[in-house]
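[1] Below: sequence and its predicted model.
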Amino acid sequence: MSAISLPKNALERVQLGQAFAEYDLIRHDPQLFVSTPSALAALAEDGNYCFFVGRRGAGKTAIVYEIQRKLKRSISITPHIFDLLVLPLECEEFHDTRQRPFKSLMHTMERALLDEVVRAWGYAKLFQFKNAPATIAKERNLIEDCEFDHRIINLTKEIFDAYALNQDKLWLRQINRSKELVDEVNALAVDGQFRFTILIDRLDESWDGSPSALICLMALMHAAVRLRASTPCIRPYIFIRENIYDRIRAMDNEFSRLETSVIFLEWTERKLQELVERRLVRPFNTKPKLGGEAWNCFFDEVDGRSSAGLVMELCQRRPRDVLMLTTYAISSALANGNVKVTKADLEDAGRRYSTSRLKDLGDEFSENYPNISVILEHFYGLGSEFSILAIEDFIGKLLVNEKISKYCGSWFFDYTVPFRFVELLFGIGFFGLQNKGRVQYKEPGKDANAKLAIDSISEIVIHPTYRAALNTRPILMQRLTEATQLRNEGLLEDLPENYAFDAYKAALEQALADLRTTPLGHEGAAKFEDLVGDIIKLCFYRSLTNVQAKARTSDNTTIRDWVASNRATGGFWEVVRNKHGATQVVWECKNYEDLAADDFHQVQYYFSNSFGRFGLIVFRGGEIKESYLRHIANVANKNQAGQIVLLTQRDLEVFLRQAINGVFREAHIQDRYDFFVRAIS
């Protein structure tokens, strides 16, 4: 059979998608889904896994979409409880999972999950409260009136009030409530219609990385394992980033209870190639075969071999990385007028990709190690391989660096022994370990805190992903002498205009302090407006530029709205521009807690075909009321005017805290957008 012949402009028609982001092509085209062991485990009827663990971009959300598509009886939860719930005791009192504080929190989580399933039964007409057993009847208000997060807050207050007042009988009654609910749920679940899968995903969208957030997640994980064992009609799945999972593993004194319920999102090179090939052939009626033929239709061979191997060498077996690199390569080929991707196109793409991944690495692990990117960029211009003595010299130079002490001092001094330093950077995927000519990199699921087999002759290797961004030389550095200067080229310090690193961090800290102390109402209105403008400039400068104030008068008071040009080249803000035509983004500032109808009309005033139809209202309240959703729905559905998103003071604090820790991601604002889109749909 002759090979498939594609049109000459085939490369121009290829669209690889949003690299497994929440708006990827996979949401609408199930043919793009690639089955992996973790995906098959999630869909298996008799699977015992509760936790799906992977690094950022490993495909966790893609599995969620596939489950939602194939298992109609599923419940999706994006929890916000991790930075909302204030633990009533010191965090140290929750560390022992066998003691009453942690047990109280775990039973709270278990009860909230049970209530969520009973609520879903009600919506599916499988169950009516008039026939409810006694315990479920008592839970009716919590089930019908509370969302998952509010339910946890209410239940936590109840059980810890009893604990604090030493009311042991009341405390035991609260603990036993979840056991009684389990019995009644099992009695009601007479057939497969009652079997629901709970999907808890996108934890990091309201995740502040605090000890209290870890404790809450640990309690939720223990509750999920208990439910999986005690109720065959409930399958709780929690999708967790690997760096968060490593912190849980280090904290939990009964981690063995969780470990057997964990599966890691691992990808083979063959599956990653299939992932790209399915997207390459998607636009064509006559499709080349998967497994190599499709790849070779779009990519030239390199040195007589398929270029797929070169791509996989650069990418750390993460689908998002593979899609990103191949997308960059296709863009380079089109810019150079090539009909297929050449070796030169891949090399050009590799340089762009390397810088992007180095920034993303610092972002991903900034929760565990704040501002770790400040350390990574000091490898600029050095060799790609190091002896242990050279690593010791490198650490010595960092120890006398004031910038390191100032921004990384909270954790860096625990890793100044060379072996510890190597283990740290190996654990995040930056270093590899070379012994006897073989290079070993961290594999998914391996304990990031595990001891490595390092000796005096071991060689430390920077992963190929990051070498181009750091401009490393292909040499082994045996020592770093006094004459060797660590060059800080600011690779990862992508800062707003006119800001140096220290001034930028100071501005963020000051904005956070001012936000917490600015008075409500007319007295603090001008200050709050200034703060919102500063936050746009400090936290969204990568995508929103030319931020200007638009002054107007209302009730003899001058009010300033902020308008920013949307020049995003990817991510959330590009989606907003494409979907809502938002070349300009308006931010309305309201220095009070309760919004009125006029506040929504004022944002709508800006919407037009040339301006775009997307706006944000920033206010000082903490509650999103039903009346607000009705106003937003009127704008979006009845008048077809556009989309409004509300941001509270807590949201502003999240943006500032993330930037202070060196985190630059759009997940939180994307989550707020998704919340309002779904609430009014």
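    Looks like it arrived, so ask away.

[2] how near is the residue nearest to the spatial centre of the chain to residue 603?
    In the chain, the C-alpha closest to the average C-alpha coordinate belongs to residue 204, at a distance of 4.6 Å (Cα atoms, centre = their mean). For residue 204, the distance to residue 603 equals 28 Å [Cβ to Cβ, to the nearest Å]. Using the backbone N, CA and C atoms, a C-beta is placed for each residue, glycine as well.

[3] ranges for the helices of the stretch 51-200 of the chain?
    60-70, 100-123, 134-138, 140-145, 148-164, 168-188 (DSSP state H, counting those that start in this stretch).

[4] Can you tell me which of those helices is nearest to residue 262?
    Closest of these to residue 262 is helix 60-70, at 13.1 Å (criterion: Cβ to Cβ).

[5] Just the buried positions in stretch 287-299, please.
    Of the residues in stretch 287-299, those with enough neighbours to count as buried (16 or more other Cβ atoms under 10 Å) are 287-288, 290, 294-299.

[6] Now the terminal residues of it, how far apart.
    Stretch 287-299 has an end-to-end distance of 15 Å (Cα to Cα, to the nearest Å).

[7] Not counting that stretch itself, show me its contacts.
    Residues from elsewhere that reach stretch 287-299 (Cβ atoms under 8 Å, 6 or more residues apart in numbering): 3-4, 6, 10-11, 14, 270, 273-274, 276-278, 280-281, 306-308, 329-330, 340-341, 346.

[8] so who does residue 595 touch?
    617, 619, 621, 625, 628, 631, 646.

[9] Which secondary structure state does the residue nearest to residue 60 when sequence neighbours are not counted sit in?
    Spatial nearest neighbour of residue 60, excluding adjacent residues (Cβ to Cβ, 6 or more residues apart in numbering): residue 239 at 4.1 Å. Here residue 239 is recorded as strand under DSSP: H, G, I helix; E, B strand; the rest coil.

[10] between the helices of the stretch 51-200 of the chain, which gets nearest to residue 82?
    For residue 82, the closest of the helices of the stretch 51-200 of the chain is helix 148-164, at 9.5 Å, according to Cβ to Cβ.

[11] Identify whichever of the helices of the stretch 51-200 of the chain lies nearest to residue 214.
    Per Cβ to Cβ, nearest to residue 214 of the helices of the stretch 51-200 of the chain: helix 100-123, 11.9 Å.

[12] quick one: buried residues of that closest one?
    100-122.

[13] what number of residues lie near the residue nearest to residue 60?
    Burial measure for residue 239: 21 neighbouring residues, criterion other Cβ atoms under 10 Å.

[14] try residue 609
    Quick note: residue 609 (other Cβ under 10 Å) scores 7 neighbours.

[15] So how do I select the buried members of the contacts of stretch 287-299 in ChimeraX?
    Selection of buried members from the contacts of stretch 287-299 for ChimeraX, criterion 16+ other Cβ under 10 Å:
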select :6,10,11,14,273,274,276,277,278,280,281,307,308,329,330,340,341,346
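
[16] Can you list which of the contacts of stretch 287-299 are found in helices?
    10-11, 270, 273-274, 276-278, 280, 308, 329-330, 346 (DSSP state H).

[17] export those residues to JSON lines and tack on pLDDT and distance to residue 130?
    Output for those, formatted as JSON lines (pLDDT from 0 to 100; distance: Cβ to Cβ, whole Å):
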{"residue": "10", "pLDDT": "90", "distance to residue 130": "62"}
{"residue": "11", "pLDDT": "92", "distance to residue 130": "62"}
{"residue": "270", "pLDDT": "94", "distance to residue 130": "55"}
{"residue": "273", "pLDDT": "96", "distance to residue 130": "56"}
{"residue": "274", "pLDDT": "95", "distance to residue 130": "52"}
{"residue": "276", "pLDDT": "95", "distance to residue 130": "54"}
{"residue": "277", "pLDDT": "96", "distance to residue 130": "55"}
{"residue": "278", "pLDDT": "95", "distance to residue 130": "50"}
{"residue": "280", "pLDDT": "95", "distance to residue 130": "56"}
{"residue": "308", "pLDDT": "94", "distance to residue 130": "61"}
{"residue": "329", "pLDDT": "96", "distance to residue 130": "62"}
{"residue": "330", "pLDDT": "96", "distance to residue 130": "60"}
{"residue": "346", "pLDDT": "95", "distance to residue 130": "66"}
